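S.K.: Sequence and predicted structure, then a few things I'm wondering about:
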Amino acid sequence: MKDKQKIKSELSKSYFGKWSRDYDYKRSKNKKSRYILERKTAIIKKFLKDTPNKDILDVACGTGRFFYLYGSRKIYGIDISKDQLAEARKKDQKAVLKICDAEKICYPDNKFDVVITSQFIEHIPQYKQVIKEMVRVCKPGGILIIDFPNKHSLTCIPTKIRLFFGKLRWLNLFSKKEIEKISKDFNLEIVDWDYTVIITPHIFPDFLTPLIKRIDRLLYIFFRRFGYLHYVKFVKK
């Protein structure tokens with residue numbers, strides 16, 4: 001296993017230049033990618049419903065691809081990549097965007113009504129420090145939305161194989177019990193919980209995506225707990 005600081009350095013260097021410009025396209029270029037994105041956005045929309053319509057902080061906001069979901073809320077975004085933030089600026093000229101390490105968020109305690117992050121906790125060795133910072137800057141009674149790769153997902157089997165053989169630099173995987181412990185450790189209350197895809201369409205040809213979507217939606221009814229991502233909505237006590 002690589003040194004944690006080295007992993008963090010490699011990760012931070014991965015989101016610059018052409019990679020940033022192509023980031024959104026690569027995640028919606030085909031039916032398979034669009035279906036997964038569709039599931040994520042549906043969950044975020046649901047979680048944001050009936051939440052304070054004021055300030056929202058997007059941690060590791062990247063290109064700001066979820067900004068359009070935040071409605072009339074005042075958007076703040078932090079990321080370690082200036083090139084990602086440049087792409088985010090194109091999506092919302094009024095957003096307050098800052099280069100900032102999520103392990104030491106550059107805002108005071110209890111500032112935001114909503115704090116959100118997506119596809120970030122899974123990649124970083126020091127994820128507990130990031131969650132601690134997210135909780136710190138969230139107001140008491142405020143909302144935190146975080147996604148966690150599901151340790152028991154069928155889709156995670158090939159991921160675990162890649163980790164075993166060193167094909168991935170790092171990936172945190174979580175069980176439901178581990179997420180409940182995080183909630184307890186950081187004085188949070190879980191108020192909603194959902195999952196994305198049960199079977200990833202990426203392992204099938206693109207033309208089969210409509211069929212895989214129908215099968216996946218059926219499996220979701222009976223096997224939700226095997227979804228690839230836990231999406232969790234917390235309230236700060």
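M.R.: Done, it's in. Numbers count the residues shown, from 1 in each chain.

S.K.: Just give the nearest non-adjacent residue to residue 88, would you?
M.R.: What sits nearest to residue 88 in space, not counting adjacent residues and going by C-beta to C-beta, 6 or more residues apart in numbering, is residue 64, at 3.1 Å. In this view, the C-beta of every residue, glycine as well, is placed from N, C-alpha and C.

S.K.: now swap in residue 158 and tell me
M.R.: Nearest to residue 158 is residue 203, by C-beta to C-beta, 6+ apart, at 7.6 Å.

S.K.: how close does the residue in the chain sticking out farthest from the centre sit to residue 31?
M.R.: Distance from the centre of the chain peaks at residue 207, with 27.4 Å (C-alpha atoms, centre = their mean). Going from residue 207 to residue 31 by C-beta to C-beta, to the nearest Å gives 8 Å.

S.K.: Likewise for residue 24?
M.R.: 16 Å.

S.K.: Same check on residue 217?
M.R.: For residue 217, the distance to residue 31 - C-beta to C-beta - is 15 Å.

S.K.: between the two, who's got more neighbours?
M.R.: Higher neighbour count among residue 217 and residue 31: residue 31, with 15 against 12, using other C-beta atoms under 10 Å.

S.K.: Check whether that one really touches residue 206, as I assumed.
M.R.: Yes: between residue 31 and residue 206 there is a contact under C-beta atoms under 8 Å: 5.5 Å.
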